[in-house]
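Peer 1: here are the coordinates; sequence isn't available:
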């Protein structure tokens, strides 16, 4: 079983926090963008942003303007990558925690 050093774990936590901060910033900026460009209310704008980043895409909100469509394309390209990285780091950290607990029990 591969044991990570405390410095590797600290670096993983730092990366996780950084990705979480960038995702939060992207959600904030995208929400502002869709509110201004598509004239959606705040809840609809944040809802569309999160649903799009999570690759769910119900289709109940669809950008109508050219700027909105370009913004949606950018959100998909950037957001899905960030969302995937965030999920991967979260799973990795949970695995590290379980392995550490198991080592303590042994």
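Peer 2: Arrived safely. What you see is a predicted model; the values in this text were computed from it and never measured.
Peer 1: Could you use CA atoms for every contact and neighbour count after this?
Peer 2: Noted.
Peer 1: Against residue 96, how distant is the spatially most central residue of the chain?
Peer 2: When Cα atoms, centre = their mean is applied to the chain, the residue found nearest the centroid is residue 83 (3.2 Å). Using Cα to Cα, to the nearest Å, residue 83 is found at 20 Å from residue 96.
Peer 1: lowest-pLDDT helix or strand in the protein?
Peer 2: helix 66-105 (a mean of 90; mean pLDDT, DSSP states H and E).
Peer 1: from the chain's centre, how far out does that one sit?
Peer 2: Centroid separation for helix 66-105 versus its chain: 6 Å, with Cα atoms, centre = their mean, to the nearest Å.
Peer 1: give the contact list for the residue nearest to the centre of the chain.
Peer 2: Counting by Cα atoms under 8 Å, 6 or more residues apart in numbering, residue 83 touches 23, 53, 54.
Peer 1: JSON lines for those residues, including pLDDT, neighbour count and secondary structure?
Peer 2: Output for those, formatted as JSON lines (pLDDT from 0 to 100; neighbours: other Cα atoms under 10 Å; DSSP: H, G, I helix; E, B strand; the rest coil):
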{"residue": "23", "pLDDT": "95", "neighbour count": "20", "secondary structure": "helix"}
{"residue": "53", "pLDDT": "91", "neighbour count": "24", "secondary structure": "helix"}
{"residue": "54", "pLDDT": "87", "neighbour count": "16", "secondary structure": "coil"}
